[in-house]
Each structure stands twice: as C-alpha cells, then as structure tokens.
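A.B. asks: Sequence first, then the predicted structure:
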Amino acid sequence: HHLLFDYSGVIIDIDANFQGTETWYREMAKSNPPRCKPWYHVLVDHSNSVTYVAEKNLEENAFPKPIKHPLINQFFKSFENGSYKRDLS
C-alpha cells in the first residue's frame, strides 16, 4: 500500500538504493525519500502502471487481495494465502 497516494500494488523488483536519474528524482520524488534505502518496482492495482517507489512510502497491506494488472501473469503463477507465487522453474 502506498502511503501518500493510497493505492495497492505488488512488488516485482527491488533496487538496494535509488537507481533513477537526478531529473526523475527532482520531478517525481516530491517527498524527498532517501536515495540510500531500497526502492521498489510496483505493479499498480486496477492500472496499467508500473511505479518506482521508495521504501519509505510503502507499507504492507494488512489484508492482501489479488491485484488487477495486465502484467501480473508475466511475473507470478498464482496468488495463495495472501501472497503471489513466482514460477521458479
């Protein structure tokens, strides 16, 4: 769950620290989250968007539900017991 923009999503990748450009950071990261902490690539529920979000702006969803996103099946094989499962074969 995104704390500032109130959307749900699922994390598909992580960067140990900010990997974007200085221009992107100045234009998009208005809350000035730390660059030296993890940043996440997130599929946004009920959207076609993939966002790049600082750890500071995310919280675990207390009652996770499957999300609706056109790319979900490219990353996960199923949703079970509140979590997505990757196809590791």
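C.D. replies: That came through fine. Computed from a predicted structure; not experimentally measured.

A.B. asks: What sits closest to residue 13 if chain neighbours are left out?
C.D. replies: residue 41 (4.0 Å; CB to CB, 6 or more residues apart in numbering). Backbone N, C-alpha and C define where each C-beta goes, glycine included.

A.B. asks: So which residue is dead centre in the chain?
C.D. replies: residue 42 (2.3 Å; CA atoms, centre = their mean).

A.B. asks: so where's this structure uncertain?
C.D. replies: Residue ranges of the chain with pLDDT under 70: 89.

A.B. asks: Relative to residue 29, how far out is residue 35?
C.D. replies: Using CB to CB, to the nearest Å, one gets 9 Å for the distance from residue 35 to residue 29.

A.B. asks: Pick out whichever of the two has more residues nearby.
C.D. replies: Under the criterion of other CB atoms under 10 Å, the comparison of residue 35 against residue 29 puts residue 29 first, with 19 against 14.

A.B. asks: Pull up the gap between that one and residue 67, please.
C.D. replies: Residue 29 sits at a distance of 23 Å from residue 67 (criterion: CB to CB).

A.B. asks: What's the biggest helix in this structure, counting residues?
C.D. replies: Of all the segments of type helix in the chain, defined by DSSP state H, the longest one is helix 22-28.

A.B. asks: any chance you could map the helices in the chain?
C.D. replies: Per DSSP H, the chain has helices spanning 22-28, 72-75. These are given in chain order.

A.B. asks: ok, and for the first one, which residues are buried?
C.D. replies: By neighbour count, with 16 or more other CB atoms under 10 Å as the criterion, the buried positions of helix 22-28 are residue 25.

A.B. asks: and what of stretch 67-75?
C.D. replies: Buried residues in stretch 67-75, counted by 16+ other CB under 10 Å: 67, 69, 72, 75.

A.B. asks: Show the end-to-end separation of it, please.
C.D. replies: Across its full length, stretch 67-75 reaches 12 Å between end residues, using CA to CA, to the nearest Å.

A.B. asks: what about that stretch, distance to the chain center?
C.D. replies: 12 Å (CA atoms, centre = their mean, to the nearest Å).
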